[in-house]
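Visitor: what's the 3D shape of this:
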Amino acid sequence: MNETILELAKAVSGAGEAEETLLALLCAAAEQRWTARLRDGVTVEKCGTAFRCAAAFTAAADLMAERGGGTVSAFTAGEISVSGKGSTERAGSAAELRRAAERLMAPYAESDDFSFKGVRG
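Guide: Got it, this is the predicted structure:
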């Protein structure tokens with residue numbers, strides 16, 4: 001399953017060859033996190049493609065976050081202009097990927113939200 005998750009994460013993140021080792025580690029970590037959050041009685045196999053997509057989305061989001069800021073988002077040289085995603089756009093894309101992963105796994109995984117239940121004030 002790791003290869004499928006890695007291939008999906010590469011496609012989603014646009015990772016280059018130089019980022020492949022890091023992305024493979026992020027995929028393995030995402031797979032472990034999602035496995036640990038599965039509800040009692042739910043297996044990875046029962047999740048079907050949702051598990052693979054969620055793990056890939058999570059790893060891609062982690063890679064985008066790791067890319068961070070400090071890069072030029074646009075420049076012009078003569079008549080040629082080049083623009084890419086700035087840190088704000090990358091952060092937004094990473095957040096949306098994480099939300100998509102949560103939606104995919106909602107039927108299968110425990111919520112990652114923190115809340116107090118039954119606490120008297």
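
Visitor: What residues does residue 63 make contact with?
Guide: The contact partners of residue 63, taken as C-beta atoms under 8 Å, 6 or more residues apart in numbering, are 9, 13, 15, 19, 22, 23, 26. The way it works is simple: take the backbone N, C-alpha and C, and place the C-beta from them, glycine included.

Visitor: Filter the residues you listed down to just the buried residues.
Guide: 9, 13, 15, 19, 23, 26 (16 or more other C-beta atoms under 10 Å).

Visitor: hang on, the earlier thing: residue 95: which of the contacts of residue 63 is nearest?
Guide: The closest of these to residue 95 turns out to be residue 13 (C-beta to C-beta; 14.0 Å).

Visitor: For that closest one, which non-adjacent residue is spatially closest?
Guide: residue 60 (3.8 Å; C-beta to C-beta, 6 or more residues apart in numbering).

Visitor: The one you found reaches residue 12, doesn't it?
Guide: Yes - the pair formed by residue 60 and residue 12 meets the contact definition of C-beta atoms under 8 Å, at 4.2 Å.

Visitor: Can you pick out the residue with more neighbours from those two?
Guide: When residue 60 and residue 12 are compared for neighbours, residue 60 comes out ahead with 28 against 19, by other C-beta atoms under 10 Å.

Visitor: gap between that one and residue 110?
Guide: Going from residue 60 to residue 110 by C-beta to C-beta, to the nearest Å gives 22 Å.
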